[in-house]
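Novice: Pasting a predicted model and its sequence here:
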Amino acid sequence: MFITLRDWWRQLDHYYWLTAFLAARGAQIQTCRLIAAALASLAGVVIASLGSPAGPHGDVGRLVAIGVAVVCMLMALTWLRRGWPSRAQSTAFVIVSALCIATVCLVQADPVNGMFATTTFAVLSGYIAFFHTPRLMTLNFLVGGATAATLAVRLVGSGDTAIAVSALMFLTVVNFAAPLACQALVHLLGVNVANSDIEPLTGLLNREAFLHTVAALIASRNRDDDRFLVVAVIELDNFGLLTHTDGRVSGARARVAVGQTMRETTRSNAVVAHVPDSEFLIADSFPTSDSSPLVERVLSAIRTTPPRTSASIGVVSIPMQGLAELPPDDLLDELIDIARSAMRHARRAGGDQAHYVISPSLSALDGDEPSR
């Protein structure tokens, strides 16, 4: 039992990979809107309770309730802004939310009404179970427990011991069951990610899924297609120095941030993957062999992505006509090797730039000598 609790206490949070998991499925915006709606609803409930005799009592209580409603609305607005919050911002959100819930519960004139409102801690526990550590969950449980205990004492003082005990038992079950259920779901998601096409850290495709998806893209083109297949290999510059000086966690954060940047700067039908350690792959089709607008956009975006590193990019462009007749794995392995070689050329030239290879000769395809 002790070992189980110790292992649970030492669990790392799931913030980065679950954030990436949501992003890979295009669910970040919907999740942000859902949380914003929940916060706005909480603010509405607090304001509505001002009109009830069982609600906040006294001028001070009413002012405190209004203040909590304002804070909830401000937090709702932050969840509606562009971009997913950082882990520190999310932690601050949890702490402020717990304090707001406790405050609203304690200013209720009727302690039964306050006990009913403490069930909101279970919702917050669910969020913590998904994204944060058991330590933060314990903090939320302690704040919720102290709030419920205070209200139970008020109930006992009013002569209703039975309802105080039953309410405490109910709240204990709810506040334990909700995070346990959410943690079980997170575990299932983790198993799903580990056995799926998703690279767990960034939520992008892994190499095998990249090859499969690009092969399907090539196969979907007809023989008369005059578009170009573009494959790019992106390697973060000075990534080893970053992990050496700031640690592996900083390296993981950098890869997650760059993965998010890749999604935001490529087309929705582009194929984007992350392969260990700091290498990313992009494949897309273009009407010409000139993919420089995309590549320059990616380079510029990475420069402004925390921790503001740079990247070397190797790009290969080849006509799609006839590619569907070739073995897809051999073809793509060769294209990635050519792009990776071009990436090394860009790195040797100083990094923070791209090197292009257009219509190279492939061992699987007869053609002209490559032009550079």
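Specialist: Alright, I've got the coordinates. As the structure is a prediction and not an experimental result, all values here were calculated from the model. Residues are numbered from 1 along each chain as shown.

Novice: Just give me the longest helix of the protein.
Specialist: Identified as the longest helix of the chain according to DSSP state H is helix 161-194.

Novice: in the stretch 1-150 of the chain, which ranges drop under the pLDDT threshold?
Specialist: 1-13, 16-17, 20-21, 23-26, 82 (pLDDT under 70).

Novice: Only alpha carbons, please: show the helix or strand where Gly67 lies as CSV.
Specialist: Gly67 belongs to helix 58-80 when assigned by DSSP states H and E. Output of helix 58-80 as CSV, limited to C-alpha atoms (Å, rounded to 0.1, in the frame of the first residue of the first chain):
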residue,chain,number,x,y,z
GLY,A,58,-24.3,40.8,4.1
ASP,A,59,-22.6,43.5,2.1
VAL,A,60,-19.2,42.0,2.5
GLY,A,61,-20.4,38.6,1.4
ARG,A,62,-22.1,40.0,-1.7
LEU,A,63,-19.0,42.1,-2.7
VAL,A,64,-16.8,39.0,-2.3
ALA,A,65,-19.2,36.9,-4.4
ILE,A,66,-19.3,39.6,-7.1
GLY,A,67,-15.4,39.7,-7.0
VAL,A,68,-15.3,36.0,-7.5
ALA,A,69,-17.7,36.2,-10.4
VAL,A,70,-15.5,38.9,-12.0
VAL,A,71,-12.4,36.7,-11.5
CYS,A,72,-14.1,33.7,-13.1
MET,A,73,-15.1,35.8,-16.2
LEU,A,74,-11.6,37.1,-16.5
MET,A,75,-10.2,33.5,-16.4
ALA,A,76,-12.9,32.5,-19.0
LEU,A,77,-11.6,35.3,-21.3
THR,A,78,-8.0,34.0,-20.9
TRP,A,79,-9.1,30.6,-22.1
LEU,A,80,-10.7,32.2,-25.2
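
Novice: returning to that earlier point: which strands or helices does the longest helix of the chain pack on?
Specialist: Secondary-structure packing of helix 161-194 (3 or more Cβ pairs under 8 Å, 6 or more residues apart in numbering; DSSP states H and E): helix 15-24, helix 111-117, helix 120-131, helix 134-157. Glycine gets a C-beta too; all of them are placed from N, C-alpha and C.

Novice: could I get the ones you listed as CSV with mean neighbour count and distance to Asp284?
Specialist: Output for these, formatted as CSV (neighbours: other Cβ atoms under 10 Å; distance: least, Cβ to Cβ, whole Å):
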stretch, mean neighbour count, distance to Asp284
helix 15-24, 21, 17
helix 111-117, 21, 51
helix 120-131, 22, 32
helix 134-157, 18, 40
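
Novice: How about the contacts made by the residue sitting furthest away from the middle of the chain?
Specialist: Computed with Cα atoms, centre = their mean, the residue of the chain farthest from its C-alpha average is Gly159, at 48.7 Å. Going by Cβ atoms under 8 Å, 6 or more residues apart in numbering, Gly159 touches no other residue.

Novice: Look up how far Leu99 lies from it.
Specialist: According to Cβ to Cβ, to the nearest Å, Gly159 and Leu99 sit 30 Å apart.

Novice: Over to Phe286?
Specialist: 52 Å.

Novice: same deal with Val123?
Specialist: Separation of Val123 from Leu99 (Cβ to Cβ) stands at 15 Å.

Novice: Which parts of the stretch 201-350 of the chain are helices?
Specialist: With helices called from DSSP state H, counting those that start in this stretch, the stretch 201-350 of the chain shows them at 207-219, 239-246, 248-265, 292-303, 328-348.

Novice: Pop the domain breakdown of the chain in here.
Specialist: 2-194, 207-358 (automatic domain parsing).

Novice: now the ones you listed in JSON lines, with distance to Leu201?
Specialist: JSON lines is the format used below for the domains of the chain (distance: least, Cβ to Cβ, whole Å):
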{"stretch": "domain 2-194", "distance to Leu201": "6"}
{"stretch": "domain 207-358", "distance to Leu201": "6"}
